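*Asks:* generate coordinates for the sequence data below:
(one chain, ligands or ions: 2)
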Amino acid sequence: MSLIEIKNVSKEYIIGQTSTHALRDLSLQIDEGEFVTVMGPSGSGKSTFLTIAGGLSAPTSGRVAIDEIDVYSLRRDRLSDLRREYVGFVFQSFNLVPYLNVLENVLLPLAPTGLPAKQQASVAEDLLTEVGLYDKAKHLPGELSGGEQQRVAIARALVNDPLILLADEPTGNLDTATSESIMQLFRLLNERGKTILMVTHNPRYRSYSTRTIDFRDGTLVGDDAKNVQQITQKDTDDLARAQFEQFHRHSVQSAEEIKRR
Ligand SMILES: Nc1ncnc2c1ncn2[C@@H]1O[C@H](COP(=O)(O)OP(=O)(O)O)[C@@H](O)[C@H]1O
Ligand SMILES: [Mg+2]
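*Replies:* Numbers count the residues shown, from 1 in each chain. Ligands and ions are numbered 1, 2, ... in the order given. I've put the predicted structure just below:
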């Protein structure tokens with residue numbers, strides 16, 4: 001069973017007289033525990049894919065299931081529950097609230113959960129420790145480096161302990177050394193069981209992931225997992241053909257025997 005199943009998904013943006021096909025009849029499955037690098041040129045549909053896969057924006061047609069739940073058939077309030085439960089988002093531009101301190105930023109997604117304040121603080125502090133920022137808990141985002149801000153954003157994305165972490169060019173605004181440390185953090189999170197989908201332009205970071213998919217003009221033109229599937233499919237076809245031929249030979253023999261009698 002796949003954790004995320006995308007079936008015949010298309011997305012068309014219409015602005016005035018112009019329409020853009022951001023995704024065209026996309027089908028793919030992502031299993032729990034995968035770390036998928038999403039690549040492709042600017043405008044190829046990567047961000048659209050991520051937001052649709054994460055329950056943020058409905059496709060024009062097609063179906064998205066997370067943990068076998070048909071995401072876009074849910075009522076609006078159930079959809080936000082599902083997002084909160086299953087998905088954490090990390091963006092290129094960190095998106096921290098500038099007037100809240102680090103701890104308060106990480107606590108934000110817990111506000112609607114009704115978890116006791118003490119428990120909320122303990123979860124957030126554990127995560128800040130994990131991303132190496134416990135001692136900056138009372139700082140404002142503006143007092144942190146880019147890499148530190150992204151670590152806060154990652155802690156915030158994880159505070160509900162979602163199964164899935166979606167990251168859209170998370171290292172796009174960071175220098176090489178800082179990016180490497182963010183990638184190591186992602187790898188660690190993946191090793192601990194998070195399913196990760198990450199858009200990046202840097203082919204170096206493929207090595208941290210378990211699978212790479214590649215978009216052009218809203219369609220998938222590459223998928224390392226698919227190669228495996230295609231081989232399996234071919235094997236299945238070969239087996240079916242061999243079985244059919246055997247059956248056919250057997251039928252012909254039987255028919256000839258019957259005629260001879
Ligand atoms: N909200 C939007 N309204 C209209 N067009 C959009 C919107 N978002 C994306 N697009 C268009 O859809 C296509 C795919 O965009 P996007 O998914 O952002 O690609 P990528 O992340 O690979 O750069 C582009 O042509 C883009 O201009
Ligand atoms: Mg994008």
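
*Asks:* C-alpha from now on. contacts and neighbour counts both.
*Replies:* Fine.

*Asks:* now for the residue positioned nearest the centre of the chain: which residues touch it?
*Replies:* Nearest residue to the geometric centre of the chain (CA atoms, centre = their mean): Leu197, 3.1 Å. The contact partners of Leu197, taken as CA atoms under 8 Å, 6 or more residues apart in numbering, are Phe35, Val36, Thr37, Val38, Leu50, Ile164, Leu165, Leu166, Ala167.

*Asks:* run the last query once more with 10 Å
*Replies:* 30, 34-38, 50, 53-54, 89, 164-168, 209, 211-213 (CA atoms under 10 Å, 6 or more residues apart in numbering).

*Asks:* how about the residue in the stretch 151-261 of the chain that ligand 1 sits nearest to: what's its closest non-neighbour residue?
*Replies:* The nearest approach of the stretch 151-261 of the chain to ligand 1 comes at Gly218, 6.9 Å away (CA to the nearest ligand atom). Among residues not flanking Gly218 along the chain, Leu23 sits closest, at 3.9 Å (CA to CA, 6 or more residues apart in numbering).

*Asks:* sheet-wise, list the partners of the strand or helix carrying the residue nearest to the centre of the chain with their directions.
*Replies:* Assigned by DSSP states H and E, Leu197 belongs to strand 195-199. Strand 195-199 has the following strand partners under DSSP bridges: strand 35-39 (parallel), strand 164-168 (parallel).

*Asks:* which parts of that strand are buried?
*Replies:* Thr195, Ile196, Leu197, Met198, Val199 (16 or more other CA atoms under 10 Å).

*Asks:* quick one: pLDDT of Gln243?
*Replies:* As predicted, Gln243 sits at a pLDDT of 53.

*Asks:* ok, now Met198?
*Replies:* Predicted confidence (pLDDT) for Met198: 97.

*Asks:* what bridges to it?
*Replies:* Those that pair with Met198 in a beta bridge, by DSSP bridges, are Thr37, Ala167.

*Asks:* contacts only, for it.
*Replies:* Listed by CA under 10 Å, 6+ apart, the contact set of Met198 reads 35-39, 46-47, 50, 89-91, 165-170, 186, 205-206, 209, 212.

*Asks:* cool, and Glu130?
*Replies:* Ala124, Arg151, Ala155, Leu185 are the contacts of Glu130 under CA under 10 Å, 6+ apart.

*Asks:* just the element for the second one, please.
*Replies:* In this structure, Arg151 is located in helix 146-158 according to DSSP H and E.

*Asks:* now the first one
*Replies:* Using DSSP H and E, the element containing Ala124 is helix 117-130.

*Asks:* would you mind listing the buried residues in that helix?
*Replies:* Buried residues in helix 117-130, counted by 16+ other CA under 10 Å: Gln120, Ala121, Val123, Ala124, Glu125, Leu127, Leu128.

*Asks:* now it against helix 146-158, angle please.
*Replies:* The directions of helix 117-130 and helix 146-158 differ by 140 degrees, with axes from the mean of the first three to the mean of the last three CA atoms, to 10 degrees as the criterion.

*Asks:* quick one: average confidence on helix 117-130?
*Replies:* Helix 117-130 shows an average pLDDT of 94 in the prediction.

*Asks:* check stretch 47-55 too.
*Replies:* Here the average pLDDT along stretch 47-55 is 97.

*Asks:* and stretch 191-207, end to end?
*Replies:* 14 Å (CA to CA, to the nearest Å).

*Asks:* what do you get for stretch 138-149?
*Replies:* Rule used - CA to CA; the end-to-end distance of stretch 138-149 is 13 Å.

*Asks:* next, the buried residues of that stretch.
*Replies:* Buried positions in stretch 138-149, judged by neighbour count with 16+ other CA under 10 Å: His139, Leu140, Pro141, Gly146, Gly147, Glu148, Gln149.
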